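Chemist: Structure for this input, please:
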Amino acid sequence: MSHEYLMALVDAGGTVPVELGVARRLVARGHRVTVLADDSMADAVRKTGACFRPWRCAPNRPDLSIDSDPLRDWECKNPLQVIDRLVRVRFLGDAERYAQDVGQALRELSPDLVLCSMFCFGGMLAAEQAGVPFDVLFPNLYMPPVDGMPPFGLGLTPARGWLGRLRDRALSYVTQSLWDKHGLTQLNALRAQRGLPRLEHFWSQMHRARRELVLSAQAFDFPARLPENVRHVGTILDDPEWAELEPWHAPVAATGQAEAEPAPLVLVALSSTYQAQLGTLQRICDGLAELPVRALVTTGPAIAPSSLRVGPNTQVLVSAPHTRVMRDADLVITHGGHGTVVKALAAGLPLLVMHHGRDQADNAVRVTAHGAGIALHRNAKSHAIARAVRQLLAAPAYRAQAQALGTSILADADGAVLLRELEDLPAPCAHAERTQRPADGLANRCAS
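Modeler: Modelled structure (predicted):
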């Protein structure tokens, strides 16, 4: 049975390929999907087969340039500033305007289910007020605090013994109090305007969802006691729409090796969005120049390749489809974004993680806890980076652990679990007439 889905998405960089992977899979199953999103996502949305609908009342990011990035979290000096900015810019600052756009789409489309970006609180509020079921998409690890899991963003290993459990309870209380302090009053005011009941905590807004869908592999994550409506539905390994393979010449290793035995290939892939990563990228390139390896560096749209000085063993491109390059690679160096990490593990590749913020420290600690890589500080010197690369390439155990974890990641990366959850809907009795729409009706709706 065909269903109507409305997706309310915010361009947060690395979350986009994962969220649009959901749209692509729903369209492939014959469902109708409309995506409310920023203009920066328009081409990528249309390539999924879904209908693109731009934000009109809400802020609309026009492109992927640094100047158009509303968050600019690289400017924050401490975690309190990060929380304050996330609340003001991502979660609540324009939530009412997002809610207006979603409310209008609900009236026009009568969807069976709304799929909200984890940042789109306005979409959640509109759906809840209208009585339309909504799911929240987490394109990385689960963000709200839960029993048995270290608090999000701190890069901590799971608790050991009563002292560790005490640590986690104390830190969870502190972090939840900070989010409540910065956002709960404003959230409840927005809910009151829409006749919705008050919430006890900031994160409780997400728990109002029918499902909270974690687009990651349970095998990658730490065990925890999750809320009943939370599901791990597997990873989506799609590359960004703009990551087309540019010609690259497989550079010669710095020390030279026989052509019959090419040097190891190292893929360097830091964030596709700007996170003040240029210094880290340069130190990585300096370290790799000392080694008998070949290196491919992808900078993403935020960094110009000409900004980097590299040795003859290194090529720098704006983009390349990482899943393709990883078939030939031996190692991945990354900032620790969830998408790059799980793709590398799915390819059976060990990682050197130099995390910059956001969820990256949490991804890094999961890599190291599984024995699939090494984590270094983002300010590590080039000689330390070179030493870590040598260690990862010389010790087969890292690759073996990455391959073992990758096998588990691939087991649920086909989308079957995700689609089962999304299609678990009651028959759309109120929408029976809509299911009989002719094809030109769909075309007209997309044109709007």
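Chemist: Which residues does stretch 382-395 contact?
Modeler: 264, 266, 283-284, 286-288, 290-291, 293, 330-331, 333, 350-352, 354, 373-374, 376, 380, 398 (CB atoms under 8 Å, 6 or more residues apart in numbering). From N, CA and C alone the C-beta is placed, and that goes for glycine too.
Chemist: And it, what's buried?
Modeler: Using 16 or more other CB atoms under 10 Å as the test for burial, stretch 382-395 gives 382, 385-389, 392-393.
Chemist: ok, these vs D414, which is closest?
Modeler: Of all the buried residues of stretch 382-395, D414 sits closest to L392, with 29.0 Å by CB to CB.
Chemist: mind saving the C-alpha coords of the helix or strand hosting that closest one as PDB?
Modeler: Assigned by DSSP states H and E, L392 belongs to helix 382-394. C-alpha atoms of helix 382-394 as PDB (Å, rounded to 0.1, in the frame of the first residue of the first chain):
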ATOM      1  CA  SER A 382      52.600  16.000  12.000                       C
ATOM      2  CA  HIS A 383      55.100  13.600  13.400                       C
ATOM      3  CA  ALA A 384      52.500  12.200  15.800                       C
ATOM      4  CA  ILE A 385      50.100  11.700  12.900                       C
ATOM      5  CA  ALA A 386      52.700   9.900  10.900                       C
ATOM      6  CA  ARG A 387      53.500   7.700  13.800                       C
ATOM      7  CA  ALA A 388      49.800   6.800  14.200                       C
ATOM      8  CA  VAL A 389      49.500   6.000  10.500                       C
ATOM      9  CA  ARG A 390      52.500   3.700  10.700                       C
ATOM     10  CA  GLN A 391      51.000   1.900  13.700                       C
ATOM     11  CA  LEU A 392      47.600   1.400  12.100                       C
ATOM     12  CA  LEU A 393      49.100   0.100   8.800                       C
ATOM     13  CA  ALA A 394      51.600  -2.200  10.600                       C
END
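Chemist: And stretch 53-72, what's buried?
Modeler: Using 16+ other CB under 10 Å as the test for burial, stretch 53-72 gives 53, 55, 57-58, 60-61, 64, 69-71.
Chemist: With stretch 133-146 instead?
Modeler: Those buried within stretch 133-146 under the rule 16+ other CB under 10 Å are 133-146.
Chemist: how's this structure carved up into domains?
Modeler: Following the assignment in automatic domain parsing, the chain carries domains at 4-236+415-447, 265-411.
Chemist: any idea of the mean pLDDT in the longest one?
Modeler: Taken as a whole, domain 4-236+415-447 has a mean pLDDT of 87.
Chemist: next one: the shortest one
Modeler: Taken as a whole, domain 265-411 has a mean pLDDT of 91.
Chemist: show me what contacts the closest residue to R208 other than its chain neighbours?
Modeler: Among residues not flanking R208 along the chain, E128 sits closest, at 5.7 Å (CB to CB, 6 or more residues apart in numbering). E128 is in contact with 134, 194, 196, 208, counting by CB under 8 Å, 6+ apart.
Chemist: now, the most widely separated pair of the residues you listed?
Modeler: Spatial extent of those (CB to CB) is set by the pair F134 and R194 at 13.8 Å.
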